[in-house]
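A.B. asks: Quick one, structure for this:
(4 chains, ligands or ions: 6)
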Amino acid sequence: MKKIINTPEAFSTETVEGILLAHPDRLKALNNDLQIVVRNDEVKKGKVSVVTGGGSGHLPVFLGYVGQGMLDGCAVGNVFASPSANKMYTMIKGCDNGAGVLCLYGNYGGDNMNFEMACELADMDDIKAAQIRVSDDVASAPLENKHKRRAVAGLVYAWKIAGAAADKMLPLEDVIAVTNHGLDNLRSMGVALTPCIVPMAGKPTFSIGEDEMEVGMGIHGEPGIEVRKKMTAKETVTVLLDKITADMPLKKNDEVAIMVNGLGGTPLEELYICYKEAYEYLNHIGVTVYKPYIGEFATSMEMAGMSLSVLKLDNTLKEMLDYKASTPFFTNENK
Amino acid sequence: MKKIINTPEAFSTETVEGILLAHPDRLKALNNDLQIVVRNDEVKKGKVSVVTGGGSGHLPVFLGYVGQGMLDGCAVGNVFASPSANKMYTMIKGCDNGAGVLCLYGNYGGDNMNFEMACELADMDDIKAAQIRVSDDVASAPLENKHKRRAVAGLVYAWKIAGAAADKMLPLEDVIAVTNHGLDNLRSMGVALTPCIVPMAGKPTFSIGEDEMEVGMGIHGEPGIEVRKKMTAKETVTVLLDKITADMPLKKNDEVAIMVNGLGGTPLEELYICYKEAYEYLNHIGVTVYKPYIGEFATSMEMAGMSLSVLKLDNTLKEMLDYKASTPFFTNENK
Amino acid sequence: MKSFNLAQVKEIFKEISRVMDENKDYLVELDSKAGDGDLGISMSSGFRAVLVSEAMEETSLKKFFMKAGMTINEASPSSLGTILFIAILGGAKAIGDKEELTVKDSGEFFTACVKAVMGKTGSKRGEKTILDSVIPAADVLLLSEDDLEVAFPNALAAAEQGMQATVKMQAVHGRAAYYAEKSIGNIDGGAVVGMLIFKAICDYLSK
Amino acid sequence: MKSFNLAQVKEIFKEISRVMDENKDYLVELDSKAGDGDLGISMSSGFRAVLVSEAMEETSLKKFFMKAGMTINEASPSSLGTILFIAILGGAKAIGDKEELTVKDSGEFFTACVKAVMGKTGSKRGEKTILDSVIPAADVLLLSEDDLEVAFPNALAAAEQGMQATVKMQAVHGRAAYYAEKSIGNIDGGAVVGMLIFKAICDYLSK
Ligand SMILES: Nc1ncnc2c1ncn2[C@@H]1O[C@H](COP(=O)(O)OP(=O)(O)O)[C@@H](O)[C@H]1O
Ligand SMILES: Nc1ncnc2c1ncn2[C@@H]1O[C@H](COP(=O)(O)OP(=O)(O)O)[C@@H](O)[C@H]1O
Ligand SMILES: [Mg+2]
Ligand SMILES: [Mg+2]
Ligand SMILES: [Mg+2]
Ligand SMILES: [Mg+2]
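C.D. replies: Residues are numbered from 1 along each chain as shown, chains lettered A, B, ... in the order given. Ligands and ions are numbered 1, 2, ... in the order given. A predicted model of the protein is given here:
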């Protein structure tokens, strides 16, 4: 296990400790609980809160997006494991400004159940706690079962949109509406080339053949659509965009935001090569790209691979994308 | 070879193509030459130019730092290979605003020789072209041979400082002086856990034992000080900071900027765990940390490993660090 | 024996913890086939945590269960940890102020557990989950007129059968659902956990 | 034969390119031991590029060398590519307007090459580089009174000896320097390149 850590047991908490020591002006642990990270900068009074939660091992997802114009709080679980309902509940309560809380998280069994319980507890405290589950991964279920799809890097667009809407002081219903509108126009899919290693396990929990690629693999190693012989960047991007555009058709003169996301072990050079291919694919069908995000936005520790997310834009969504966001891990200042 | 590329031959140029397609408002290829990347936003008239050059495979190093408050241009070589003297010369000429050009690059044989030749050619055109070589890696030679040390992630601090000084419209001599002052106070060292793969070679050109770490390894796989059995994050950071502080003593109440740099394959979580250890090490000797940089700033494609850079601060250097910098790959807006 | 009291239930949790520890590697192996391989680890740490938690100080059965459930939710960071939390909370509500659990009470407790999970997560029998071993066992208890020592081994037998039946099922919940048809052919780890809980109770009873 | 003319020098570059191709893997292997393993690739591509470059259109020896040097600098992206560029530029300046190179001219050419490299990079004989094979060969040519066909094989022999001597040397330049004492024991790849250039010339002469 080629990791620079202290003990597998301390992996998640020491990561959070490091983050809090590095960015004390921006982030803090609520009640000194390292599993509950909230903003430490000034939050607008009466603003709808947008919060999330999920397992560790995906930095900058999840807590990396806590900050101005994005998230207000995050419940932090162990590696690839949901935080408990109690942590989520405490986080929701701590983040509420009286305008309601939108729990915006990835569609995973454990997180779903815990947020369900947490919102029930929040409800008993008369906190308006709404839930939206992100399910952007087209590889994980057919369109007619969209609600069963899991979340991948599209989460970042979801938070960007919801966070901007909340920071513009829209009421909860409108934050929900614009977020759902964004999700309707969002699709993602990825490929994995190597497995990652959960520290507690100490070895890969799945394997990918030496000259193979897992098309549509999930960010915890969930199986994808098919195993294929290694493809070129162009072939890979074509497979992903074919699938995405079959699911969400794009037509001439459409404008999209796209994210080329590295899963952790793939060099930035390769992400830019993939961007070139994606740009050319879209250009070929008359679709233009607006402010692409290229880099590591949602990872699986050292997994090699890449995912593409496409967000079909209209004026509303563009306005949300352009709105200022700044967290220790993400800023659109230079995008 | 687990890479998402088209052909090994096209690796570098397609990377640059992708970068230019993604950031056309900020970067352009001089004379449409993909080996010469310069700013496409507005550059202050009469400003000293700061330029660099070097091999591909280290993104965001080198061309990723071309932008406001940092570099004006970059000559781009093949993977781990210096660009030619002719490309450098053309780049220097294209970037000159009449106030002189500082070539600020890493101390590697090929780059040294090519910049030497390029500056000679620039000189014949009456361009004031000065050179400073960065050699921050304490592992690569003893202090008495500091000029023989190679450059690692400290390059980024060098560009930040020189770029700020130039953007503040200081004359060439002063940009040189403040940069040298920064370099006097800068030290780095790293560890590598896995090799990287040069696309043209198709397989690792060196190996690291399964439970071993190369302490002091260079970013192209140059041998380090010693091979050690895998260490914890705390031990690793201690080895690096012991060596760095032996070379550049720190005392109580000193203030430093530090960079925890991932080499490519190491998850961000581990970098934050290392930051925690570095913070505690420094805290223990009464040294405070100012605005740490944690992430991937100088990589070796998929190499797993980490480097630490320490910049001892005074008011001048702090001012240069705080000065606004914004490139498509780097911004200090959220640091 | 006709019924369990609080002290005995606490002892049973010790048995469950021991059994989960013993089966840790086996559960990891099963969960690795169509999941993330953490099931043994999370079950082991979840039940261990109960034994050192504030739950052990509680003096009412209902409160004990509630605290135990919350502790498992915290200490067992995986889906089944949450499902056990939902289940135990449901069961705790159902027993109300009872301080002794007869066979029938136990049947009602487990049935309430199952209903809570079904209500909150939308799962049902036949979907390759823990429910497939717990539902048949709960049914046995509900209908039994016997003492604990007879009823629980019967329930365990039903749980084992239910567990075996998951081999042929296709998963529709949790990570295993992503494996679709490929999930068929292996026993469900959660169903094994359900069976092991009954095994632990039987072990306790036969001591 | 008493001297080379431009056409013959161009033919010699074809021979050099062929010899570099033949030794590509061997050079990669040597460079992998204390370097980055690209030497064979960069030498092969550098000399190949010359053969299809504008240099081949040049009508003066000096201009041919200058263009050839610049082409190698572009197409051979590694230190030795740059060193050959510096060397050839130095050599080109030294021959001035000569359009024929005798043995003595060749000796002066190679000596000027060596001096340029020493001046620009600070290297000297005995530091485990290409200089260790080229310097003794250049010295042989400088002192020789023979025809090309006799002088060059003698120069090659000297280059081979110089090359062999690098085994015992410790590298002080380039990546190999980082290996310090560990660089001792292997032949220097650059010194092999130096020798191969003389071998190519001899191959040409014996055709
Ligand atoms: N909705 C559900 N209802 C009942 N049991 C479920 C449900 N989802 C998953 N399970 C059970 O949980 C088990 C997996 O548990 P666990 O390993 O903790 O999940 P994960 O690691 O994916 O979070 C499955 O074997 C199944 O028995
Ligand atoms: N300063 C120098 N002077 C002469 N020869 C040198 C010098 N530095 C390196 N060399 C030669 O270059 C060879 C390595 O070339 P190359 O593989 O192209 O370098 P790299 O790949 O490290 O850029 C060495 O074997 C050595 O002979
Ligand atoms: Mg599991
Ligand atoms: Mg799990
Ligand atoms: Mg080399
Ligand atoms: Mg090289």
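A.B. asks: can you give me the strands for chain C?
C.D. replies: Taking DSSP state E, the strands of chain C run over residues C:3-5, C:100-102.
A.B. asks: Put together JSON lines for those strands, with mean neighbour count and mean pLDDT on each row.
C.D. replies: To be clear about C-beta, it is placed using only N, CA and C from the backbone, and glycine gets the same treatment. Listed next are the strands of chain C as JSON lines, based on neighbours: other Cβ atoms under 10 Å in any protein chain shown; pLDDT from 0 to 100:
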{"stretch": "strand C:3-5", "mean neighbour count": "17", "mean pLDDT": "97"}
{"stretch": "strand C:100-102", "mean neighbour count": "18", "mean pLDDT": "97"}
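A.B. asks: Of all these, which one is nearest ligand 5?
C.D. replies: strand C:3-5 (75.4 Å; Cβ to the ion).
A.B. asks: for the closest one, packing partners?
C.D. replies: Judged by 3 or more Cβ pairs under 8 Å, 6 or more residues apart in numbering or on different chains; DSSP states H and E, the packing partners of strand C:3-5 are strand C:100-102, helix C:103-121.
A.B. asks: What residues of stretch A:31-46 count as buried?
C.D. replies: For stretch A:31-46, a neighbour-count test (16 or more other Cβ atoms under 10 Å in any protein chain shown) marks A:34, A:35, A:36, A:37, A:38, A:39, A:40, A:43 as buried.
A.B. asks: if I look at the residue nearest the centre of chain C, how far off is residue B:98?
C.D. replies: What sits nearest the mean C-alpha location of chain C, by Cα atoms, centre = their mean, is residue C:194, with 4.1 Å. Residue C:194 is 79 Å from residue B:98, where distance means Cβ to Cβ, to the nearest Å.
A.B. asks: one step back: wait, what's in contact with the residue lying closest to the residue nearest to the centre of chain C once chain neighbours are set aside?
C.D. replies: Spatial nearest neighbour of residue C:194, excluding adjacent residues (Cβ to Cβ, 6 or more residues apart in numbering or on different chains): residue C:133 at 3.6 Å. Residue C:133 makes contact with C:159, C:160, C:162, C:163, C:166, C:191, C:192, C:194, C:195, C:198 under the criterion Cβ atoms under 8 Å, 6 or more residues apart in numbering or on different chains.
A.B. asks: Swap in 6 Å and give it another go.
C.D. replies: Shown in contact with residue C:133 (Cβ atoms under 6 Å, 6 or more residues apart in numbering or on different chains): C:159, C:162, C:163, C:191, C:194, C:195.
A.B. asks: before we move on, what about residue C:128?
C.D. replies: C:166, C:169, C:171, C:188.
A.B. asks: ok, how many other residues are close to the second one?
C.D. replies: I take that to be residue C:169. Counted with other Cβ atoms under 10 Å in any protein chain shown, the neighbours of residue C:169 add up to 21.
A.B. asks: Ok, residue A:284 next?
C.D. replies: Around residue A:284 there are 8 residues (other Cβ under 10 Å).
A.B. asks: quick one: it from residue A:174, how far?
C.D. replies: 37 Å.
A.B. asks: got it, and residue A:115?
C.D. replies: 21 Å.
A.B. asks: quick one: which of those two has more around it?
C.D. replies: residue A:115 (28 against 14).
A.B. asks: Give me the nearest residue to the more buried one, chain neighbours excluded.
C.D. replies: Closest residue to residue A:115 apart from its sequence neighbours, by Cβ to Cβ, 6+ apart: residue A:103 at 5.1 Å.
A.B. asks: So which bits of the stretch 101-250 of chain A are right by ligand 1?
C.D. replies: A:109, A:110 (Cβ under 6 Å from any ligand atom).
A.B. asks: For the stretch 101-250 of chain A, which residues score under the pLDDT cut-off?
C.D. replies: Applying pLDDT under 70 to the stretch 101-250 of chain A picks out no residues at all.
A.B. asks: Let me see the ranges of the strands in it.
C.D. replies: In the stretch 101-250 of chain A, the segments counted as strands under DSSP state E, counting those that start in this stretch are A:101-106, A:129-134, A:186-192, A:212-215, A:226-229.
A.B. asks: about what we covered before: next, format the buried residues of stretch A:31-46 as TSV and append distance to residue A:236, secondary structure and pLDDT.
C.D. replies: What follows is the buried residues of stretch A:31-46, written out as TSV (distance: Cβ to Cβ, whole Å; DSSP: H, G, I helix; E, B strand; the rest coil; pLDDT from 0 to 100):
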residue	distance to residue A:236	secondary structure	pLDDT
A:34	38	coil	98
A:35	37	coil	98
A:36	38	strand	98
A:37	34	strand	98
A:38	38	strand	98
A:39	37	strand	98
A:40	40	coil	98
A:43	41	coil	96
